[in-house]
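Participant: A structural model of the following input is requested.
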Amino acid sequence: MNIPNVLTISRLVAIPPLMVLLLVRFQGHDQLAAALFIVFSLTDTLDGQIARRRGTVSDLGKFLDPLADKLFVLSVLIVLVQEGLIAAWVVVIIFSRELIITILRSVAAAQGQVISAAPLGKTKTVMQMGAVTLLILQRPYPIVVPLADLVVGIAILFTIWSGLDYLWRFRFLLGPFDSSRAPQRAGPSGLAPTSDDAVGAAARELGELLRRQGLTVSVAESCTGGMIGSLITDQPGSSSYFLGGVIAYSNEVKRNQLGVSQALLKQVGAVSGEVAKAMAAGARSRFGSDLAVSVTCIAGPDADGTTKPVGLTYVAVASAGGAASHEFRFDGDRWSNRRQAAEQALRLLAEEAGSSARAKTA
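Facilitator: Residues are numbered from 1 along each chain as shown. As a prediction, this is how the structure comes out:
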């Protein structure tokens, strides 16, 4: 249990008092209900930001966060239907979408996978929460009724759109289950995860984005030992966007193959944000790729006698605009830390690919 998960659970805890405020009658009860709804809605954004910033993204959080969002919104909508503030068919559409996605997540869980909330799904949730806030306030403030109707309509569109998006992206779950594609537990050698677990799903999404935007990528890996490159090249058609990589486990390889200066390595150490940026920039220059990602970390104990804490990880992404490094602190075992580092690298690459695409169209 960590802070992001506590914030997620707080939305579930807030449901009973929120429903009471909507049903009782005293001066300002609707305004208080709206304020409470807004406050706990903000935790939906806050928990994800904290998890990514601190590197505490967990399978529990990925499963619990969308579940809490659904229960939080649907419970209020049901009360609003009872109070005559929204048509029942609207709730039926929203509930049907959530039920279908919940079933999809259950199928994924049976295959050892966790489907985390997608960007379009999060946008859907934001629109639904905005609509619910206006629906609550339309009772004391009738002037907001037209605006509430408009936002409800937009929320319905996003609800249907995001549902179809989930079904399309995870359509492989709807066919017969191929046990040969099931995720395998890592052995002592630290074998890379298969393409069907959460990290593999991130690699698929990254591949689709790179292919759609016509971007190329390269990697420079230290502690992950080729895991990121393996995940990327597991995807069919990856040859169109993946150019190559360097497993720079030793400082000598970092110097000779990626151009990281000896002075920098001596000054800040191999596990540092500065070295991560130099590695990413070196890989991008060496392979001539649009994007490059690097990872350097203390994956487990006995890491060359360093005094830096186990789990300290730096992931850097280089693009035409330069290189940026991100610090994470993971608290798992050696395999778990390497896996989380790979997942964060894929996520940051996807974010940079999206930013590069927006810059091209600007």
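
Participant: and stretch 220-228, C-alpha only, in CSV?
Facilitator: The C-alpha coordinates for stretch 220-228 follow below in CSV (Å, rounded to 0.1, in the frame of the first residue of the first chain):
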residue,chain,number,x,y,z
ALA,A,220,21.0,2.4,-24.7
GLU,A,221,20.6,0.0,-21.8
SER,A,222,22.6,-0.7,-18.7
CYS,A,223,20.8,-2.5,-15.9
THR,A,224,17.9,-3.7,-18.1
GLY,A,225,20.4,-5.7,-20.2
GLY,A,226,18.5,-5.6,-23.5
MET,A,227,15.0,-6.0,-22.0
ILE,A,228,13.7,-2.8,-23.6
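
Participant: Touching it from outside, list them.
Facilitator: Residues outside stretch 220-228 that contact it (CB atoms under 8 Å, 6 or more residues apart in numbering) are 190, 192-193, 219, 229, 245-249, 254, 258, 270, 279-280, 282-283, 292-299, 313, 337-339, 341-342, 345-346. The way it works is simple: take the backbone N, C-alpha and C, and place the C-beta from them, glycine included.

Participant: For ChimeraX, what selects the buried ones among these?
Facilitator: Buried subset of those, written as a ChimeraX selection, criterion 16 or more other CB atoms under 10 Å:
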select :192,193,219,229,245,246,247,248,249,254,258,270,279,280,282,283,292,293,294,295,296,297,298,299,313,337,338,339,341,342,345,346
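
Participant: mind listing the helices for the stretch 151-300 of the chain?
Facilitator: Using DSSP state H, counting those that start in this stretch, the helices of the stretch 151-300 of the chain run over 198-213, 227-233, 251-258, 262-268, 273-287.

Participant: Any idea how far the biggest helix by length in the chain is from the middle of the chain?
Facilitator: Counting by DSSP state H, the longest helix found in the chain is helix 334-361. Distance of helix 334-361 from its chain centroid, counting by CA atoms, centre = their mean, to the nearest Å, is 10 Å.

Participant: buried residues in it?
Facilitator: By 16+ other CB under 10 Å, the buried positions in helix 334-361 come out as 334-335, 337-350, 352-353, 356-357.

Participant: show me where the stretch 51-200 of the chain has strands.
Facilitator: In the stretch 51-200 of the chain, no strands are defined using DSSP state E, counting those that start in this stretch.

Participant: Isn't residue 163 up against residue 102?
Facilitator: No: if you go by CB atoms under 8 Å, residue 163 and residue 102 don't touch, sitting 11.2 Å apart.

Participant: More neighbours: which of those two?
Facilitator: residue 163 (22 against 13; other CB atoms under 10 Å).

Participant: nearest spatial neighbour of the more buried one, skipping sequence neighbours?
Facilitator: Counting by CB to CB, 6 or more residues apart in numbering, residue 163 lies nearest to residue 97, which is 4.1 Å off, once chain neighbours are set aside.

Participant: my guess is the one you found meets residue 160, correct?
Facilitator: Yes: Residue 97 lies in contact with residue 160 (CB under 8 Å); the separation is 6.8 Å.
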